[in-house]
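[1] Return atomic coordinates for the entry below.
(one chain, ligands or ions: 2)
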Amino acid sequence: MQKKEIILTGIKPTGMPHLGNLIGAIMPMIKLANAAPAGQSFAFIADLHALNAVTDRHEIATHVREIAAVYLALGLDAEHTIFFRQSDVPEVYALNTFLMNVTPKGLMNRAHSYKAAVDRNTAAGADTDAGVNMGLYTYPVLMAADILLYGTDIVPVGSDQKQHVEFARDIAGYFNNIYGDVFKLPTPSIRAETGLIAGLDGRKMSKSYGNQIPIFDEPAELKKKIMRIITDSKLPEEPKNPDVSTIFQLYTHFADAAAVKDLRARFESGGMGYGDAKKILFEAVNDYLSAPRERYKELLSAPDKIDAILAHGAERARAAAAPILDKVKKVMLG
Ligand code: ADP
Ligand code: TRP
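    Ligands and ions are numbered 1, 2, ... in the order given. Next comes the predicted model:
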């Protein structure tokens, strides 16, 4: 019999992801979700978690649809994976309330998200808790509710979220100690951070550096950005080292093995300028992304369709959540 292992991850509803996010997080996550047995992977858009920082509902709703369209366009199968909007599953609000009572306040004091805010305040000479609302402070409890509500075993996340998943495991443990074996203990599965994708200026591609290439830029804009990737000043005829080149690094993720081997040879033998290498990279990235880009635009032009897909996911998520929430209520309140 196949082991029933549940995998789940939450996605922040932010603006357009970049090629670093695509290669480092989105594609690995879609592969994992599609590879899990049908109905045993959950992916949701964490709009409740956005509330501690964003007060404009239009902004949140827009980002929810955009990010849903991004994942669907890139191949997330919403029949296979239970794909939904966090706030469409009210069971999570209820579980959050229950979990609050087994979560030590001291645990929250240690949360990275909260500590980062405190550090910023301290550095600015402000009150320690300035601008910190309870949504931010108790962010890990809601995240534990997200995870524990579906009997999750594995939580694929970036390294910045590892502590939060460990907290979910701790909270499940505190609960089980008092009330018996109700929750499974989840384990984080941390994405490799080796081979971080470089941005236009050679540093790690990141929104915070403004050096990113958004995944669904139109071809003209995509080309313009790729042409701006910084290089050294080697002349066209000189041999070049592909292993220190942002152009080559990106190419390896968008071209097949034979094409990669070919470009490596052209770098090493000399005779190709960086401008030409960039044009080759542009063609590969654009070929890879042009069909998803069209699907993305099509989806966004039919927001009702996105909403219906997410609503269908929420129905399935609620059905999975109900027995666990019932059990929690029973063991806590009778
Ligand atoms: P940003 O630095 O642009 O704000 P995020 O922190 O939102 O990006 O990244 C979300 C996830 O995307 C990270 O957990 C990581 O797995 C992946 N990621 C981000 N930047 C890169 C990059 N340059 N190369 C590879 N993966 C990345
Ligand atoms: N906190 C995660 C992030 O910032 C998003 C998230 C919310 C999440 N709930 C989750 C991730 C549950 C994994 C499991 O990226």
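[2] Please name the residues that touch residue 50.
    By CB atoms under 8 Å, 6 or more residues apart in numbering, residue 50 lies in contact with 12-13, 60, 63. Where you see a C-beta, it was placed from the backbone N, CA and C, and this is true even at glycine.
[3] redo that, cut-off 10 Å
    12-14, 59-60, 63-64, 86-87, 135 (CB atoms under 10 Å, 6 or more residues apart in numbering).
[4] where exactly do the helices run in the stretch 101-250 of the chain?
    105-109, 112-123, 134-137, 139-148, 162-179, 219-227, 246-254 (DSSP state H, counting those that start in this stretch).
[5] What distance do you get for the residue nearest to residue 147 when sequence neighbours are not counted to residue 313?
    Excluding the flanking residues, the one nearest residue 147 by CB to CB, 6 or more residues apart in numbering is residue 168, at 4.5 Å. As judged by CB to CB, to the nearest Å, residue 168 and residue 313 stand 21 Å apart.
[6] can you check residue 303 too?
    Residue 303 sits 15 Å away from residue 313, going by CB to CB.
[7] Pick out whichever of those two has more residues nearby.
    Neighbour count, other CB atoms under 10 Å: between residue 303 and residue 313, residue 313 has more, with 24 against 15.
[8] That one belongs to a helix?
    Yes. Using DSSP: H, G, I helix; E, B strand; the rest coil, the assignment for residue 313 is a helix.
[9] who in the stretch 101-250 of the chain is up against ligand 1?
    Proximity of the stretch 101-250 of the chain to ligand 1, by CB under 6 Å from any ligand atom, involves residues 158, 160, 191, 196-197, 204-208.
[10] sorry, back to before: which among the helices of the stretch 101-250 of the chain is found nearest to ligand 2?
    Ligand 2 lies closest, by CB to the nearest ligand atom, to one member of the helices of the stretch 101-250 of the chain: helix 139-148, at 4.1 Å.
[11] before we move on, back to that, buried only: go through the residues of the stretch 101-250 of the chain next to ligand 1 for me.
    Among those, those classed as buried by neighbour count (16 or more other CB atoms under 10 Å) are 158, 191, 197, 204-205, 207.
[12] Minimum pLDDT in the residues you listed, which residue is that?
    Here the lowest pLDDT out of these sits on residue 191, with 88.
[13] what's the distance between the residue of the chain found nearest ligand 2 and residue 278?
    With distances taken as CB to the nearest ligand atom, the chain approaches ligand 2 most closely at residue 10, which sits 2.6 Å away. Here the criterion is CB to CB. By it, residue 10 lies 36 Å from residue 278.
[14] who touches the closest residue to residue 18 other than its chain neighbours in this structure?
    Using CB to CB, 6+ apart and skipping residues adjacent in sequence, the residue nearest residue 18 is residue 212, 3.5 Å away. Neighbour list for residue 212: 16-21, 197, 199-200, 204-206, 225 [criterion: CB under 10 Å, 6+ apart].
[15] One more: residue 176?
    Contacts of residue 176 by CB under 10 Å, 6+ apart are 102, 182-185, 331.
[16] before we move on, what about residue 78?
    33, 43, 68, 71-72, 84, 306, 309-310, 312-313, 316.
[17] Also residue 274?
    If you count contacts by CB under 10 Å, 6+ apart, residue 274 has them with 227, 229-236, 240, 245, 247, 267, 281.
[18] can you check residue 9 too?
    25, 29, 32-33, 41-44, 46, 81, 146-147, 152, 154-158, 161, 165, 189.
[19] rewinding a little: could you tell me which of the contacts of residue 274 belong to strands?
    Assignment to strands by DSSP state E places none of the contacts of residue 274 there.
[20] Need the buried ones from those selected in ChimeraX.
    The buried residues among the contacts of residue 274 can be selected in ChimeraX (16+ other CB under 10 Å) with this line:
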select :229,231,240,245,247,267,281
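[21] and ligand 2, which of the contacts of residue 274 reach it?
    Answer for these near ligand 2: none qualify (CB under 6 Å from any ligand atom).
[22] how close does the residue of the chain closest to ligand 2 sit to ligand 1?
    According to CB to the nearest ligand atom, to the nearest Å, residue 10 stands 12 Å off from ligand 1.
[23] Does that residue belong to a helix, a strand or coil?
    Here residue 10 is recorded as strand under three-state DSSP.
[24] hang on, it packs against residue 161?
    Yes. Between residue 10 and residue 161 there is a contact under CB atoms under 10 Å: 8.6 Å.
[25] Quickly list what's touching both of these two.
    Residues touching both residue 10 and residue 161 (CB under 10 Å, 6+ apart) are 143, 155.
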